[in-house]
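*Asks:* fold the following.
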Amino acid sequence: MSRLDVAAVFVLLAGIVAEFLPGELRIFSFIKFLAAIALIYLMFRLIGWGRSRLLWSLRNRLIVAYVFIAVVPILLILTLVILAGQFLYSQLGAYLLYEDLHRRIEMTADIAEYIAAAREALPRGVSQEESERILAAQSRGVHDRELAGLTIHFSDDTSLLRKMAGPGRKAFWGLVQEEGGGLSLVSMRELDMPSGVRVVRLRVPVTPELLATVAPDLGAVQLNLTQPFNGGISRGVIYSTGGAQYETAGRIIARNRLLGPPEFLIDPSVNVVSRLQDAVYVAADGTVGKPRPIFAVFNARPSRLNGRMFSTLGELRDFYLLLFGGFASIFFLIEIAALVTGIVMTRRITKAVADLYHATQYVQSGDLSHRVRIDRRDQLGVLGESFNLMTGSISGLIEEQKKRQRLENEISIAREVQNQLFPQKLPVVPGVEMEAICKAARSVSGDYYDFIQLSPTHLAIAVADISGKGISAALLMASLQAALRSQMLAEGSETMSTGELVSRLNKHLVRNTGDDRFATFFIAVYDSATRTLRYTNAGHLPSFLISKDAALHLDKGGMVLGVMDDCCYEEGIVSVPSDALLVGYSDGLIEPENVYGEEFGIKRLQQAAVYVQGSSPKVVAEALMNAAEEWAGTPEQADDMTVIVARLR
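*Replies:* Sure, this is the predicted structure:
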């Protein structure tokens, strides 16, 4: 929980405490307000936390996806079907109720027509009173059950008929709401009598007993009579229709009408409120008012309404019901099969992902030997196989890395050992200053240089370049260094011919190395007392001796070391002028190329040395290295670079 979450919890607890504290202080109201805000915030946080926890696993994500893809649409369709069925059955029930009432109203109209026709067939000698009594008696027994309580009345007053039917019309039938809350089925018609125009009025009061016989397929039925609502306190339910408001003025409830029991498992009750046709309102003084709506409230069972709806199918009804049930069963089986298939496929997917997840846990713990079980050759199976291959590759790479690390450690040790082979302390010879720089292209170098003091006035200067690079060249360089020092540190070595020395080194390399290994070598012995420099160059790049007057290339000697056993090497002798500069180097210093493919070369190296010949040997050596690197324009080295500089004063 963050600090804001903790603060929200405390505010919520404070609001709960403030709810139970007595008094209505303003601070308590403010705390309750803050607590409501904190509750809303915590609910959102809880929803986010629950969603992240719920949707962490792939299984839950698939379940949620299936719910939204399959379950939610099915529920929406079922909801739509239920609402459509509710609407359909509501309309069907209202239609049955309306049709039954309207049929009875038409019965009264038919009786009025019968009376008008029968009046013409009576003998002329029958009086008016007697004929009306006979016609009324004949008409009452026609529909005793449907028109219970039917009354027939004759009168000379046609004003009510004119008001209810309208001008120019001789008949009226419909619902009539009378002052006081009564509702009747009324039919009126003019009769042409010898004495003048008479009006016959047929009236059937809508009583609970009569309403009990209306629309027998419905359950409980109630008719709500209304009157205009003009505001104030309502005495009943308020209905809004046609832009006006009406309140309940009376109720007629069907006697002994109850909703029947369901005929099968899914047979819910359908509750309906429907507006019937408007009833003509007649006051006690005969005044006809604005028609008032009649609202019917009833319930029904879909099974009873279905029976009424499909009654016209006759013998085909059972066939259609069986066909519908068959299709419903097939669809149900298909849905079950789809559900089972979805569950099986989901389990396969989640199991494969779970196996991969557990495998990653093994890898994370360092166990690279664990493998995912492959059951099927589908895409998930290929993914598991790829994971197995990946872990195998990682295991191999780790082994390679360990080997590489061990090799690097060994190379590091070799580099430390090789550094010990180079002079750790420069010898001190009167009149001689020296400096050397060696940059390896790899961890260890194949170049070699050495300064060996033979006597207080004799100094041996050597530089060599071993074929190849890396460990093999370093090993050969160590062998050459050991052989050279074993010869030079022997008594009387200062007077030994450099040619003889190089010949001995050549025999050593020929006998102790392969045919593909060789070395270029330059050795010079300087006597500071006589200012004499004796040297031999065994296939090495010619070192040069720079003085004020000229530059002398030291190239006398012979072929490279390690190729032929019986090689003779020549010794060169040079008298060193005052303040001369001896420069020796390896091929890595002259071979760097610029962007045009031109090598740095011996000539440019010599010019760079002449340019700084007055400086100290250290400055000269660094200047030559920098000149070669600047010429190449890249810090990468293709070969080992070595330079030695000695100032012979």
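*Asks:* quick one: I27 and T213, what's the gap?
*Replies:* As for I27, its distance to T213 is 69 Å (criterion: Cβ to Cβ, to the nearest Å). Any C-beta I mention is one placed from the backbone N, CA and C, and that applies to glycine too.
*Asks:* ugh, wrong one, I meant D5
*Replies:* In terms of Cβ to Cβ, D5 sits 69 Å off from T213.
*Asks:* quick one: low-confidence ranges for the stretch 351-500 of the chain?
*Replies:* For the stretch 351-500 of the chain, not a single residue meets the criterion pLDDT under 70.
*Asks:* which parts of it are strands?
*Replies:* Counting by DSSP state E, counting those that start in this stretch, the stretch 351-500 of the chain has strands at residues 432-439, 447-453, 458-466.
*Asks:* and the angle from the shortest one to strand 458-466?
*Replies:* Computed by axes from the mean of the first three to the mean of the last three Cα atoms, to 10 degrees, the angle separating strand 447-453 from strand 458-466 equals 170 degrees.
*Asks:* output the lowest mean pLDDT helix or strand found in this protein.
*Replies:* None of the helices or strands of the chain scores lower by mean pLDDT, DSSP states H and E than helix 128-140, at a mean of 77.
*Asks:* coming back round to it: so which of the strands of the stretch 351-500 of the chain is the most packed in?
*Replies:* Mean neighbour count (mean count of other Cβ atoms under 10 Å) peaks for strand 458-466 among the strands of the stretch 351-500 of the chain, with a mean of 26.
*Asks:* now H153. Nearest residue, chain neighbours left out?
*Replies:* R201 (4.7 Å; Cβ to Cβ, 6 or more residues apart in numbering).
*Asks:* what do you get for A109?
*Replies:* W173 (4.1 Å).
*Asks:* and the pLDDT at that neighbour?
*Replies:* W173 carries a pLDDT score of 92 in this model.
*Asks:* so that it lines up with my notes, have the first residue be 23 from now on.
*Replies:* Got it, the first residue is 23 from now on, which makes the last one we talked about W195.
*Asks:* give me the distance between it and L144.
*Replies:* W195 is 24 Å from L144, by Cβ to Cβ.
*Asks:* more neighbours: those two, which one.
*Replies:* Per other Cβ atoms under 10 Å, whichever of W195 and L144 has more neighbours is W195, with 21 against 13.
*Asks:* and the more buried one, its phi and psi?
*Replies:* When read as degrees, to the nearest 10, the backbone of W195 gives phi -150, psi 150.
*Asks:* ok so, going back, I49 and T235: which is more packed in?
*Replies:* Set side by side, I49 and T235 show more neighbours around T235, with 16 against 9, by other Cβ under 10 Å.
*Asks:* test my guess that the more buried one contacts G171.
*Replies:* No. With contacts counted by Cβ atoms under 8 Å, T235 stays clear of G171, the gap being 11.5 Å.
*Asks:* stretch 346-362: which residues count as buried?
*Replies:* Under the neighbour-count criterion of 16 or more other Cβ atoms under 10 Å, stretch 346-362 has nothing buried.
*Asks:* should've said stretch 257-264
*Replies:* Buried residues in stretch 257-264, defined by neighbour count with 16+ other Cβ under 10 Å: G258, Y261.
*Asks:* how far does that stretch sit from the chain's center?
*Replies:* 53 Å (Cα atoms, centre = their mean, to the nearest Å).
*Asks:* got it, and stretch 44-62?
*Replies:* For stretch 44-62 - counting by Cα atoms, centre = their mean - the centre lies 40 Å from the chain centre.
*Asks:* now that stretch: mean pLDDT?
*Replies:* Computed over stretch 44-62, the average pLDDT equals 80.
*Asks:* repeat that for stretch 584-596.
*Replies:* Stretch 584-596 shows a mean pLDDT of 90 in the predicted model.
*Asks:* using CSV, write out every CA atom in it.
*Replies:* C-alpha atoms of stretch 584-596 as CSV (Å, rounded to 0.1, in the frame of the first residue of the first chain):
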residue,chain,number,x,y,z
GLY,A,584,64.3,-20.5,-37.2
VAL,A,585,64.3,-21.5,-40.9
MET,A,586,67.7,-23.0,-41.8
ASP,A,587,70.2,-24.6,-39.4
ASP,A,588,73.5,-23.7,-41.0
CYS,A,589,73.1,-20.0,-41.7
CYS,A,590,75.9,-17.5,-41.5
TYR,A,591,75.3,-14.0,-40.2
GLU,A,592,77.4,-10.9,-40.8
GLU,A,593,78.4,-8.5,-38.1
GLY,A,594,78.3,-4.8,-38.9
ILE,A,595,80.5,-2.2,-37.1
VAL,A,596,79.6,1.5,-36.8
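*Asks:* that older thread, for D577, which of the strands of the stretch 373-522 of the chain is the nearest?
*Replies:* Counting by Cβ to Cβ, D577 lies closest to strand 480-488 out of those; the figure is 13.8 Å.
*Asks:* for the helix or strand that W653 is a member of, packing partners?
*Replies:* If you go by DSSP states H and E, W653 is part of helix 639-654. Secondary-structure packing of helix 639-654 (3 or more Cβ pairs under 8 Å, 6 or more residues apart in numbering; DSSP states H and E): strand 454-461, strand 602-607, helix 623-633, strand 663-670.
*Asks:* partner strands of the shortest one, with direction?
*Replies:* With DSSP bridges as the test, strand 602-607 is paired with strand 565-568 (antiparallel), strand 663-670 (antiparallel).
*Asks:* deepest-packed of the ones you listed, please.
*Replies:* Taking mean count of other Cβ under 10 Å, strand 663-670 is the most buried of the strands paired with strand 602-607, at a mean of 25.
*Asks:* pLDDT on stretch 90-106, on average?
*Replies:* Rounded mean pLDDT across stretch 90-106 is 88.
*Asks:* before we move on, back to that, now do the residue nearest to A131 against M518, distance only.
*Replies:* Distance from W195 to M518, counting by Cβ to Cβ: 153 Å.
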